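Visitor: take this sequence and fold it.
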Amino acid sequence: MLEFANFAWTPVLQRDILLLESVQRRATRISYGRVRPNYCERLAVMNLTTLTERRKRGDLVTTFQSLSNSQSPIHHLFTLSTDQRIWGHRFKLAKGQFITTVRQFFIINRVFHDWNSLPQEIVDSQSTASFKVR
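Guide: The predicted structure follows:
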């Protein structure tokens, strides 16, 4: 439930991020009694990552799916860079221009730096499953 519609909405304010993370922090405490490891150790034991990391991964997977499938309903939102001097993979995104702060937090602007910093072999994955593994 904490990850529902991550690509459409993600918290921006630090207090909202901490509030969502506190739900997971509380849920990981349930299986322990009074003596329990700290939050990072509990995440490692339960094979989980923080919600922030999962949101970032979800944004990257959504970007991969929309760029690799031209029939995707959000494919038109992503603009590929036409600058030939850019190093890296062939699916580099162009930085979107926005006037209002509302567009600043759309997926296309949230994922820009993370997507463009991915190595070529990850972006050239054949399927979503292989992209997730890499």
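Visitor: max-length helix in the protein?
Guide: Counting residues, the longest helix found in the chain (DSSP state H) is helix 51-68.
Visitor: counting by contacts, list what it packs against.
Guide: helix 14-29, helix 107-110, helix 112-116, helix 128-133 (3 or more CB pairs under 8 Å, 6 or more residues apart in numbering; DSSP states H and E). For the C-beta atoms, the positions are set from N, CA and C on the backbone; glycine is no exception.
Visitor: in terms of mean pLDDT, which of the ones you listed ranks lowest?
Guide: Ranked by mean pLDDT, those bottom out at helix 107-110, which scores a mean of 83.
Visitor: returning to that earlier point: of the helices and strands packed on helix 51-68, which is nearest Gly88?
Guide: Among these, helix 112-116 comes nearest to Gly88, with 6.6 Å by CB to CB.
Visitor: and the closest one, what other elements does it pack with?
Guide: helix 51-68.
Visitor: distance from the centroid: which residue in the chain tops it?
Guide: Arg34 (33.8 Å; CA atoms, centre = their mean).
Visitor: just say helix, strand or coil for that one.
Guide: coil (DSSP: H, G, I helix; E, B strand; the rest coil).
Visitor: excluding sequence neighbours, find me the nearest residue to Lys92.
Guide: Closest residue in space to Lys92, ignoring its immediate chain neighbours: Ser81 at 4.3 Å, by CB to CB, 6 or more residues apart in numbering.
Visitor: looking at this structure, which helix or strand is least sure?
Guide: Using mean pLDDT, DSSP states H and E, helix 101-104 stands out as the lowest-scoring helix or strand of the chain, at a mean of 76.
Visitor: got the CA positions of that one in PDB?
Guide: The C-alpha coordinates for helix 101-104 follow below in PDB (Å, rounded to 0.1, in the frame of the first residue of the first chain):
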ATOM      1  CA  THR A 101       7.000  24.000  -9.300                       C
ATOM      2  CA  VAL A 102       4.200  21.500  -9.900                       C
ATOM      3  CA  ARG A 103       5.900  20.200 -13.100                       C
ATOM      4  CA  GLN A 104       9.200  20.200 -11.200                       C
END
